[in-house]
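Trainee: predicted model and sequence follow; I will ask about them next.
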Amino acid sequence: MALPTVTIDDRTFEQLFAFMRKQIDTTDWVDHNLSDPGIALLELLCWIGEMTLYSANRVPQTHIDKFAALVLDPPQPVTVPLTLTVVLDPPATSPVTIPAATRFATSFQIDPSTGQPRRFVFETIVPQVFQPPMVLGTSEDRIVTVREVLTVVDETLGVSDGRPNQTLRLRPVHALLGLPVDAPTPVLTDFVNRSASYDPNPRVTVAGVAWELKRFLLSEASRVDAFPKNHYMLDDGAIRFGDGVFGTIPPAGTLIKCTRYQILQGDAALIHAGTAMSLVDPVAGLTIKAIVAAAAEGADFFFAPNERIREGLKRFRRPSRLITESDFEEVLLVDFNEFQQRAKSPERILRAVALMNRKPAAPDQQALGHVTLVMLATSSLVTSAEQLDARLTQAAPFVAGESAAAHLAAQQNLVKIDANLANLLERFLDKRRLITTRIHVADGSQPLPKLEAVSIATTVNVTRDRNIDEMTDTITARLRGFLGVTRGSFDGNGWPLGGSVYRSKIFRLLEAVDGVDHVESLALSPADANGDVALGPLSLPAVALNGLAVSVVRT
């Protein structure tokens, strides 16, 4: 039998050695002959590398898939917080229950990828009980979590051949389900919420007899001793049966069917807040109206089979638990923004600062376990970091005749986090936080960061060969860019939260401008005894109305 072909990396020892020798810094290491001990060590490493590649190239794809399953998270279903407004039809003297698996559906819309009408169905996961007394005609609001459901029924998998470890793949038909042809169709499994009355997992029959789903077959619960164990498991989108020792082998010639299973739809099911849903399964005695309370979440790790390992490993390297301040900032700037892009939501986090062991009300005092998040985001008013910086450093009035206070209030409104976005952020971070951590996300009722008005008046001497108007524009632009909350400061990462505006830094900035001879005068306002502007711990600067006065003269 021929050896499998090389598919991962086919570089030889000579190629590895040539590549590694090119990486040597020739400043200090000049002897590259084989007699050099360092070169001998490099040869040894390349020899080991060639053997490792040879072994890796002969690992079958099934093993790679199993290894990947150990480190990659399974696809997550889309969930939605749904506000149910329940009206009781007759007077109730006993509890009224909305059972688990009660379905709600969006209205039909034309799917651009298929050109066919498509709607999304969600179902309740746990029962909702309404206790009496309930007065006729009165309503009660309750927020429940519902999960996407796209059900496949009565799919024939095949006929048993009587051999151990049979695997029969589930093959949902995209056209019948209204899905794009190339859409991934991962199968939902839920061993946490299933009960006697609710089981969303695949259901399999052998010769018309229902068998039992198990997480794994290699366990004592599935061991076949005196009695058969009619068990099966789900293995990467396929139904797997036992080997006769762990799990009974389906008798040869018996028909195997999957009577019901659910597949996930990924990003397409990420519906937005305010979407109205209709009740699919009526509940006796109740009139129910449903509105999506907040944007959907989930659909993580939803990749096509050929992308799963590559994209999944990228996610695997990111922080999965929020421990340090950099973890919080990376998750907000990378993971959350990616989620918003997949959900086709316009809001993006432009900048995030995590204050560890601090509460918003007292940022100077230590509060163990509390994390205060100060964020800048896009909104309907500003759509980019550049636009936000430009608006907050604009000294001209936004509207004719506005006062300084109104100008600052309008700037503060630009950095306000919408309440719906704050709610989504809290839910997004909640499943990633440590169990003892409390996260504070400020919304419009608690504006963070707080903007403080800053004025700068300066007279700058430039060389004789410079145009005064051009230098005035250049210096003004440099000051505005320096004070930017998202791209400002010397490092370009945004003005530091709570960082004072020092005259010395402004001097340094102005005198570094090409063509400036020296700064004749510089005044900041409101200034302390040293002429600097001190900001609060959760504050950022904003240029006051008519707060930039730049005068340029020639030497």
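Mentor: Thanks, I have it.
Trainee: quick check, Thr476 in a strand?
Mentor: No - counting by DSSP: H, G, I helix; E, B strand; the rest coil, Thr476 is located in no strand; its state is helix.
Trainee: my guess is it contacts Leu548, does it?
Mentor: Yes - proximity of Thr476 to Leu548 meets the contact threshold set by Cβ atoms under 8 Å, at 6.0 Å. Yep, even glycine has a C-beta here, placed from its N, CA and C like the rest.
Trainee: list the contacts of Arg358.
Mentor: For Arg358, the contacting residues are Gln365, Gln366, Ala367, His370, Val371, Thr372, by Cβ atoms under 8 Å, 6 or more residues apart in numbering.
Trainee: what about Pro250, distance to Glu220?
Mentor: With the distance defined as Cβ to Cβ, to the nearest Å, Pro250 ends up 21 Å from Glu220.
Trainee: ok, those two, which is more surrounded?
Mentor: The neighbour count for Pro250 versus Glu220, taken as other Cβ atoms under 10 Å, is higher for Pro250 (25 against 7).
Trainee: residue contacts, the more buried one?
Mentor: Counting by Cβ under 8 Å, 6+ apart, Pro250 makes contact with Ser160, Gly162, Gln166, Val206, Ala207, Phe241, Ile256.
Trainee: which ones are touching the fourth one?
Mentor: With contacts defined as Cβ under 8 Å, 6+ apart, Val206 is in contact with Ser160, Asn230, Pro250, Pro251, Thr254, Leu255, Ile256.
Trainee: now swap in the first one and tell me
Mentor: Contact criterion Cβ under 8 Å, 6+ apart gives Gln166, Val206, Phe241, Ile249, Pro250, Pro251, Ala252, Gly253, Thr254, Ile256 as the residues in contact with Ser160.
Trainee: how about the second one, nearest residue that isn't a chain neighbour?
Mentor: By that I understand Val206. The spatially closest residue to Val206, leaving aside those adjacent along the chain, is Pro250, at 4.7 Å (Cβ to Cβ, 6 or more residues apart in numbering).
Trainee: of the contacts of Ser160, which count as buried by neighbour count?
Mentor: Applying a neighbour-count criterion of 16 or more other Cβ atoms under 10 Å, the buried members of the contacts of Ser160 are Gln166, Val206, Phe241, Ile249, Pro250, Ile256.
Trainee: who does the second one bridge with?
Mentor: When bridges are called by DSSP bridges, Val206 pairs up with Val209, Ile256.
Trainee: how much space separates it from Ser219?
Mentor: Plainly put, Val206 is 20 Å away from Ser219 if you go by Cβ to Cβ.
Trainee: where does this protein dip in pLDDT?
Mentor: 1-8, 90-93, 132-138, 443-445 (pLDDT under 70).
Trainee: how is it partitioned into domains?
Mentor: In the domain annotation for the chain, the residue ranges read 13-59, 76-297, 308-441, 450-554 (automatic domain parsing).
Trainee: quick one: which of the ones you listed is nearest Lys66?
Mentor: Taking Cβ to Cβ as the criterion, domain 76-297 is the member of those that comes nearest to Lys66, at 8.8 Å.
Trainee: adding distance to Gly115, write the buried ones among the contacts of Ser160 out as CSV.
Mentor: As requested, these are exported to CSV (distance: Cβ to Cβ, whole Å):
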residue, distance to Gly115
Gln166, 39
Val206, 39
Phe241, 40
Ile249, 45
Pro250, 41
Ile256, 35
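Trainee: taking those residues together, which two end up most distant?
Mentor: Taking Cβ to Cβ as the measure, these span a maximum distance of 11.7 Å, between Ile249 and Ile256.
Trainee: report how many residues lie close to Gly208.
Mentor: Other residues within reach of Gly208, judged by other Cβ under 10 Å, total 9.
Trainee: roughly how far does the closest residue to it other than its chain neighbours sit from Asp154?
Mentor: Nearest residue to Gly208, sequence neighbours excluded (Cβ to Cβ, 6+ apart): Leu255, at 7.7 Å. In this structure, Leu255 lies at 12 Å from Asp154, with Cβ to Cβ as the measure.
Trainee: pick out whichever of these two has more residues nearby.
Mentor: A count of neighbours by other Cβ under 10 Å puts Leu255 above the other of Leu255 and Asp154, at 14 against 9.
Trainee: is it true that that one touches Val159?
Mentor: Yes - the criterion here is Cβ under 8 Å, and Leu255 meets it with Val159 at 5.9 Å.
Trainee: hang on, Ile143 in a strand?
Mentor: Yes - assignment of Ile143 by three-state DSSP places it within a strand.
Trainee: that one contacts Ala293, doesn't it?
Mentor: Yes - contact criterion Cβ under 8 Å: Ile143 and Ala293 qualify, at 5.3 Å.
Trainee: so what's Val374 up against?
Mentor: Going by Cβ under 8 Å, 6+ apart, Val374 touches Ala352, Val353, Leu355, Ala442, Leu448, Pro449, Leu497, Leu538.
Trainee: so it lies in a strand, does it not?
Mentor: Yes - the assignment for Val374 is a strand, going by three-state DSSP.
Trainee: so it bridges to which residues?
Mentor: If you apply DSSP bridges, the partners that Val374 bridges to are Val353.
Trainee: count of residues packed around Asn546?
Mentor: Neighbours of Asn546 under the rule other Cβ under 10 Å: 12.
Trainee: with Ala343 instead?
Mentor: Other residues within reach of Ala343 by the criterion other Cβ under 10 Å amount to 21.
Trainee: ok, now Ser379?
Mentor: Neighbours of Ser379 (other Cβ under 10 Å): 18.
Trainee: over to Val59?
Mentor: Applying the criterion other Cβ under 10 Å, we find 13 residues in the vicinity of Val59.
Trainee: same question for Gly242.
Mentor: Quick note: Gly242 (other Cβ under 10 Å) scores 25 neighbours.
Trainee: compute the first-to-last residue distance for stretch 29-44.
Mentor: 18 Å (Cα to Cα, to the nearest Å).
Trainee: ok, now which ones touch the nearest residue to Thr259 once chain neighbours are set aside?
Mentor: Closest residue in space to Thr259, ignoring its immediate chain neighbours: Arg203 at 4.9 Å, by Cβ to Cβ, 6+ apart. Residues counted as contacts of Arg203 (Cβ under 8 Å, 6+ apart) are Ala210, Leu213, Cys258, Thr259, Arg260, Tyr261.
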